[in-house]
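Undergrad: Any chance you could fold what I've pasted below:
(one chain, ligands or ions: 1)
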Amino acid sequence: MTTTKNHEEVSTKQVLGQMLVGAWMTQAIYVAAELGIADLLAAGPRTVEELAEDCHAHASSLYRVLRALASVGIFAEDAHGRFSLTPLAEQLRSDAPDPQRAFAIMLGAEFYKSWGKLLHGVKTGGEAFRTAFGVPFFQYMTEHPERHSIYDAAMESFAVGETEPMIDAYDFSPFKTVADVGGGNGLVLASILKRHPGMKGILFDLPAVADRARTIVSGFSLDGQCQIVGGDFFASVPTGVDAYVLRHIIHDWNDDDAVAILRNCREAMNPEGRVLVVEIVIPPGNEPCFGKWLDLMMLVVGGRERTEEQYRRLFAEAGLKLSRIVPTAAEISVIEGIRAS
Ligand SMILES: C[S@@+](CC[C@H](N)C(=O)[O-])C[C@H]1O[C@@H](n2cnc3c(N)ncnc32)[C@H](O)[C@@H]1O
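TA: Model prediction:
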């Protein structure tokens, strides 16, 4: 959001001001996403009265939200007061190739409410999400399947930009079997299996997520390459697999829980197997890194992003040796572990 005219020098006060009002934009985008405005504009420009009638909103309030969003390039208003899609707004359509609608809804609803408890979390070391909702994050999701579906879809929009760089950077070809532990909707595993048609895959996630993934994965035409298993990775993970992919799993948990998950993978894997933790490795120093902000999101839900040294220690506690870290063209790296003994 910019509050200055083009070519004017931006003062430090203005820079901080723009940062301070970031939450306003999160909420405005959330409102448009929740009301499905981008879908309502898919067939062409419409007035705010038409939109308000279709999404059961208050027309003049909706107008103010859309006018503000149009001022930063999300939607555009024409001279006749009709709103239309822009490239930024297109991403809020449910059928966009890289849809961001579910992510916008998660960030504006549950996550927004729990970020409001971050100060409490920082003062006490507690989980902001649990303070806001009374239960841990994944318990809440399990108890609210309709919200869990939105969360799964939001995670998928994360997946889209990271998956190809991951498969390009890390060579999966030596493996006969790969398990995607906490694999969500199955998009990541499906991409690995499509690249390696001779490989077998197991998608492992909580039973309700696994059930939903069955329908989604059946649309990927994997011809029997992929098995879907429901379970709890704190109890056990499928045995006899060559590589366990844990993408954005370990960062969801505190060190004790993370070690428990890694240890279960170590116990289950083939003797020459690999554990592949896929996360952003936090670099030292002050350099900008999305992971430093994602770490605050994890602080809110009870997890953390980690440095290389912190991953080395976690692996060692789980009986694994960190053998190498493979960077990718995205911000994530593949942190590879083998049996320590
Ligand atoms: C941050 S998402 C990551 C999804 C996917 N790996 C990706 O990269 O998009 C975390 C996943 O862990 C799953 N999960 C959480 N608790 C679990 C448990 N106890 N056992 C198995 N899966 C679990 C969630 O359902 C969710 O799909």
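Undergrad: Contact residues of the stretch 101-250 of the chain facing the ligand?
TA: Listed as neighbours of the ligand in the stretch 101-250 of the chain under the rule C-beta under 6 Å from any ligand atom: 138, 155, 158-159, 182-184, 188, 205-206, 209, 232-234, 247-249. Just so you know, the C-beta spots here come from the backbone N, C-alpha and C atoms, and that holds for glycine as well.
Undergrad: biggest helix in the protein, by residue count?
TA: Looking across the chain with DSSP state H, the single longest helix is helix 145-169.
Undergrad: OK, contacts around whichever residue of the stretch 51-200 of the chain sits closest to the ligand?
TA: Relative to the ligand, the nearest point of the stretch 51-200 of the chain is residue 182 (3.0 Å; C-beta to the nearest ligand atom). Neighbour list for residue 182: 204, 205, 233, 246, 247, 248, 249 [criterion: C-beta atoms under 8 Å, 6 or more residues apart in numbering].
Undergrad: same thing but at 7 Å, please
TA: 205, 233, 246, 249 (C-beta atoms under 7 Å, 6 or more residues apart in numbering).
Undergrad: tally of neighbours for the second one?
TA: Other residues near residue 233 come to 22 when the count uses other C-beta atoms under 10 Å.
Undergrad: Helices of the stretch 201-341 of the chain, residue ranges please.
TA: In the stretch 201-341 of the chain, the helices defined using DSSP state H, counting those that start in this stretch lie at 207-218, 255-268, 290-301, 308-317.
Undergrad: okay, those helices in JSON lines with mean pLDDT next?
TA: Output for the helices of the stretch 201-341 of the chain, formatted as JSON lines (pLDDT from 0 to 100):
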{"stretch": "helix 207-218", "mean pLDDT": "90"}
{"stretch": "helix 255-268", "mean pLDDT": "98"}
{"stretch": "helix 290-301", "mean pLDDT": "96"}
{"stretch": "helix 308-317", "mean pLDDT": "98"}
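Undergrad: Let's have those in CSV, adding mean neighbour count.
TA: Output for the helices of the stretch 201-341 of the chain, formatted as CSV (neighbours: other C-beta atoms under 10 Å):
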stretch, mean neighbour count
helix 207-218, 17
helix 255-268, 19
helix 290-301, 18
helix 308-317, 17
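Undergrad: would you turn those helices into CSV with distance to residue 69?
TA: Formatted as CSV, those follow (distance: least, C-beta to C-beta, whole Å):
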stretch, distance to residue 69
helix 207-218, 30
helix 255-268, 39
helix 290-301, 22
helix 308-317, 39
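Undergrad: helix or strand for the residue nearest to residue 93 when sequence neighbours are not counted, which one?
TA: Of all residues beyond its chain neighbours, the one nearest residue 93 is residue 38 (4.5 Å), with distances taken as C-beta to C-beta, 6 or more residues apart in numbering. If you go by DSSP states H and E, residue 38 is part of helix 37-40.
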